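>>> Generate coordinates for the sequence data below:
(2 chains)
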Amino acid sequence: MRVVDFLRGKVPFLAILFMATGFMAFLLRLLGQSPFSIMYIAAVMLLGGLLSLLPEFLTKRRYYGELKSIMENLDKKFLLSEIIERPDFVEGQLLYDTLGDAGKSMNDEIAGYKNAYKEYREFIELWVHEIKTPIAGAKLIGENAQNAPALEELDRIEFFVEQALYYARSNAVENDYIIKPALLSDMVGDVLKNNAKYLIANRISVRTSALDLRVFTDVKWVSFIIRQIVDNAVKYGGNTIEFFGESRGNSVALFIKDDGQGIPGHEADKVFEKGFTGSNGRIQGHSTGLGLYLCRKLCHKLGLGLSLESTPGEGTTLKIVFPINEL
Amino acid sequence: MIVEDDATIRKELKILLEKYKYSVITTNDFEDVVGFALAENPHLILLDINLPCYDGYYICRELRKHSKIPIIVVTSRNSDTDELMSLNLGADHFVTKPYNTQILLAKIESLLERAYDAGTGKTLRYGDLALDIGKSVVSFKGESRELTKNELRILQILFESPGDIVSRDDIMNALWQTDAFVDDNTLTVNMSRIRKKLAEIGAGDALKTKRGLGYSL
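Okay, the predicted model is just below:
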């Protein structure tokens, strides 16, 4: 708070002060006082009037200065009213009380949404677990009847159900993950085995090399990410998918390379955005714009790097980087 | 023995396992699963977690107090805590629904082998043709040839359902489950090597090709 700004708010007071001083000087002049003594008395009065503003100015400057710096350093700014102190001057108190009420109602509102969101997430998780039983039943029926096309469709259903589950969970990764040492080959192998039917039916050749590298991560989430990437590779015309690892100093990278149609350069940055389907997605027609978005989000939460390189017509390479912190 | 409250899964799983020559018992009374299991004393239990009356965790813990029966927990919950809990309570494996039946069968087989030493020295026969799994050797009337890992696995699949036509995709799927991610061309090479080895020991016509369908013994 600057002196000028403060004084600007005190214009009526200052005007009255000056007018009263002027009037008094006029009266004193009529009473025949000497100009020197009139000026002296007027100066004392003006100074006294201005000095009386000083304590108020100092109090307010301290209080609002503090308020501003707290606000700037606050992570969740809407919690301001719970952190500041109640001031000892009356306008400040009024403002403080109002702000407190507004904050409270805001918190109630947020708590309401949090609750609703949590309930919804729990419902999705429960629903996914419920639906897995009939899917498992249907798959067994298909298996016994040796109905390969039906089984393939069921695998697709399972894939999408799984995606819904992981999407619901993706905002609360911290509630459900366990960091363990794992081999790249185990995670890749897991995905390939679980999706063997789908990949074989699509005549995909798989090559793996240099996957004997150890990383520290959560196997379940990473397997999900790899699965999304593999699904994309198949969806966008890959015939060969190559997995290889690379160790460099304090990180291990897993490369997943396909020979599909690739992604045009100007779209390469956007594929990780939610809902982005791109020109390939429009041509293919069943792109949801969800897979890679989820991958990036989960990688971010797990502290992994995820990047993409692509040459249109030649294929796409996804790279997942695992930092290695040997404790 | 299958402990599962969903009737469809129970029935279909039974059919599947019986196809692979396992004898299967089931129950739809979940009041005293532990007592029933101990009385029947099966070689292996497939245990669901979500059950009426008592949940699978409880049953698992109770069974472990009395018996070392191999237990595979089968569940639709797939959080890490569930897996940890099952394994802590003494389950041997944890499989999530909907399961890949190849993986389930592989786990059953390996668990049975480990628990009852059934796998060592196992030899499969089809007529005069014999497949020694332990030594990875195929023999016919005194002549024999060594097999590679993939060749052994392919022949094992064919021996396990003699006379049935097994499709190329099914063979590939089975190979993938053993970390051999072969493609079409590799499989063709493998098949012709097997055919050559069989011919060398005089059993060239044992392996039949059904064009467009697959192979059979």
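>>> Quick check: residue A:308 is in a helix.
No: going by DSSP: H, G, I helix; E, B strand; the rest coil, the assignment for residue A:308 is strand, not a helix.
>>> Tell me the spacing between it and chain B.
Distance of residue A:308 to chain B, computed by Cβ to the nearest Cβ, to the nearest Å: 23 Å. For glycine as for every other residue, the C-beta is placed from the backbone atoms N, C-alpha and C.
>>> Isn't that residue up against residue A:319?
Yes: with contacts counted by Cβ atoms under 8 Å, residue A:308 reaches residue A:319, the gap being 7.3 Å.
>>> more neighbours, those two?
residue A:308 (18 against 15; other Cβ atoms under 10 Å in any protein chain shown).
>>> quick one: contacts for the more buried one?
Residues near residue A:308 by Cβ atoms under 8 Å, 6 or more residues apart in numbering or on different chains: A:263, A:268, A:271, A:272, A:316, A:317, A:318, A:319.
>>> Return the set of residues that bridge with it.
Taking DSSP bridges as the rule, residue A:308 bridges to residue A:318.
>>> how near is it to residue A:275?
Distance from residue A:308 to residue A:275, counting by Cβ to Cβ, to the nearest Å: 17 Å.
>>> do residue B:37 as well
51 Å.
>>> can you check residue B:174 too?
Counting by Cβ to Cβ, the gap from residue B:174 to residue A:275 is 39 Å.
>>> Contact distance from chain A - what residues of chain B qualify?
B:6, B:8-9, B:12-13, B:15-16, B:19, B:50, B:76-81, B:84, B:96-103, B:167, B:169, B:172-173, B:176-177, B:179, B:181, B:183-185 (Cβ under 8 Å from any Cβ of the partner chain).
>>> and the helix or strand harbouring residue B:144, what does it pack onto?
Assigned by DSSP states H and E, residue B:144 belongs to strand B:143-146. With contacts taken as 3 or more Cβ pairs under 8 Å, 6 or more residues apart in numbering or on different chains; DSSP states H and E, strand B:143-146 sits against strand B:137-140, helix B:184-200.
>>> Mark which of the contacts of residue A:308 are buried, thanks.
Buried by 16 or more other Cβ atoms under 10 Å in any protein chain shown: A:263, A:268, A:271, A:272, A:316, A:317, A:318, out of the contacts of residue A:308.
>>> From what I see, the fourth one and residue A:294 are in contact.
Right, the one you point to is residue A:272. No: counting by Cβ under 8 Å, residue A:272 does not reach residue A:294; the two are 9.6 Å apart.
>>> Need the residues that contact the lowest-mean-pLDDT helix or strand in chain B.
Least confident helix or strand of chain B, by mean pLDDT, DSSP states H and E, is helix B:80-88 with a mean of 77. With contacts defined as Cβ under 8 Å, 6+ apart, helix B:80-88 is touched by A:176, A:177, A:178, A:218, A:220, B:49, B:56, B:57, B:60, B:73, B:75, B:94.
>>> Residue A:182: what secondary structure?
Residue A:182 ends up strand, using three-state DSSP.
>>> The closest residue to it other than its chain neighbours - how many residues pack around it?
Of all residues not flanking residue A:182 in the chain, residue A:219 sits nearest, at 5.0 Å (Cβ to Cβ, 6 or more residues apart in numbering or on different chains). As a burial measure, residue A:219 scores 19 neighbours (other Cβ under 10 Å).
>>> what's the answer for residue B:93, then?
Other residues close to residue B:93 by other Cβ under 10 Å number 20.
>>> thought it was touching residue B:75?
No: contact between residue B:93 and residue B:75 fails when scored by Cβ under 8 Å: they sit 11.4 Å apart.
>>> how close does the residue lying closest to residue B:178 once chain neighbours are set aside sit to chain A?
Ranked by Cβ to Cβ, 6+ apart and with sequence neighbours excluded, the top spatial neighbour of residue B:178 is residue B:153, at 5.9 Å. Here residue B:153 is placed at a distance of 14 Å from chain A (Cβ to the nearest Cβ).
>>> check which helix or strand covers residue B:153.
Under the criterion of DSSP H and E, residue B:153 resides in helix B:149-160.
>>> Specify the angle between that helix and helix B:184-200 in degrees.
70 degrees (axes from the mean of the first three to the mean of the last three Cα atoms, to 10 degrees).
>>> What residues does the residue lying closest to residue B:145 once chain neighbours are set aside make contact with?
Nearest residue to residue B:145, sequence neighbours excluded (Cβ to Cβ, 6+ apart): residue B:197, at 4.3 Å. Taking Cβ under 8 Å, 6+ apart as the contact definition, residue B:197 lies against B:138, B:145, B:147, B:151.
>>> I'd say the third one and residue B:159 touch.
Put plainly, it is residue B:147. No: with contact defined as Cβ under 8 Å, residue B:147 does not reach residue B:159; the gap is 11.8 Å.
>>> So between the two, which is more surrounded?
residue B:147 (22 against 18).
>>> Perfect, that will be all.
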